[in-house]
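K.L.:
here is the input, now give the coordinates:
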Amino acid sequence: MSHEREQVRRAWRDGLGVAIATSAYGISFGALAVASGLDVWQTCVLSLLMFTGGSQFAFVGVIGAGGLAAAPAAIASAGLLGARNVAYGLRMSPVIGAGFWRRAAAAHFTIDESTAVSLAQTAPRARLTGFWVTGIGIYIGWNLSTLAGALLGDVLGDPRAYGLDAAAAAAFLALLWPRLRRTQAIAVGIAAAVVATVLTPSLMPGIPVLLAAVVAVVVGWTNWLGDRESAPEEPDDVPEREGLP
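P.N.:
Numbers count the residues shown, from 1 in each chain. Have a look, this model is predicted:
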């Protein structure tokens, strides 16, 4: 029991740490959105309802370049980037558990960071704690920092000068790094990064991310560079199948 409590405490620490780092990036979004032509209230509503950083930046980036005439392209770019959350939802379904309202609430908080923090834990309770702490923490912090960035955008200047554009990526890398212990995981990370880097300058925002994800799917399906001698361990969040042969 004490070991389980320690894992839950670790999930709290991981979730809050990622939430603080990622929320700081919201200042950058708020400032950029206002600079792209959105009002303060439009910027805040976008964070409240869309709540996925990559899609939000893609949206305001296209709007900033093409104005309202570029709205269809902005929506398409944001939608493509947000499509990855569908895959996250499928993976997080057994962690969240049953119940319509619980799943409906979890859908809004299923993002890169909440999924990563949750799956970095080993115990079922710690995974659930990591998901909710990270998702809700980022939601509150992101919206507050979005408002601050929108109000102080002219004063702050270019948010990238403060390194805020790297805060979320650094937090995500900190979660990913301890998991890069096997050849297969390292190969997937490198291959996905190369695919995304090469394709980003020439394709619509969102498509390189999805194609990079295909790399992980293909490697997982073929078990390339994986251990073929032993079956993979059953995840902690999957219940035991009693009474089956």
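
K.L.:
could you chop this structure up by domain?
P.N.:
2-167, 180-228 (automatic domain parsing).

K.L.:
highest mean neighbour count out of those?
P.N.:
Stretch with highest mean neighbour count among the domains of the chain: domain 2-167 (a mean of 18; mean count of other C-beta atoms under 10 Å). The C-beta positions use only the backbone N, C-alpha and C, and glycine is treated the same way.

K.L.:
now the helices for the chain?
P.N.:
Assigned helices in the chain, in chain order: 2-35, 40-49, 53-66, 71-82, 84-96, 100-109, 112-120, 124-156, 167-176, 183-199, 207-222 (criterion: DSSP state H).

K.L.:
helices and strands of this protein: which one bottoms out on pLDDT?
P.N.:
Every helix and strand in the chain was compared by mean pLDDT, DSSP states H and E; the lowest is helix 167-176, with a mean of 55.

K.L.:
re earlier: compare the mean pLDDT across the domains of the chain and name the weakest.
P.N.:
Lowest mean pLDDT of the domains of the chain: domain 180-228, a mean of 70.

K.L.:
if I pick residue 215, what's in contact with it?
P.N.:
Neighbouring residues of residue 215 by C-beta atoms under 8 Å, 6 or more residues apart in numbering: 188, 191, 192, 195.

K.L.:
repeat the analysis, applying 10 Å as the threshold.
P.N.:
187, 188, 189, 190, 191, 192, 193, 194, 195, 196 (C-beta atoms under 10 Å, 6 or more residues apart in numbering).

K.L.:
do you know how far it is from residue 88?
P.N.:
Separation of residue 215 from residue 88 (C-beta to C-beta, to the nearest Å) stands at 17 Å.

K.L.:
what of residue 136?
P.N.:
16 Å.

K.L.:
and if you look at residue 115?
P.N.:
4 Å.

K.L.:
same thing with residue 13?
P.N.:
Taken as C-beta to C-beta, the span from residue 13 to residue 88 is 22 Å.

K.L.:
over to residue 8?
P.N.:
With C-beta to C-beta as the criterion, residue 8 and residue 88 are 22 Å apart.

K.L.:
right, I'll leave it there.
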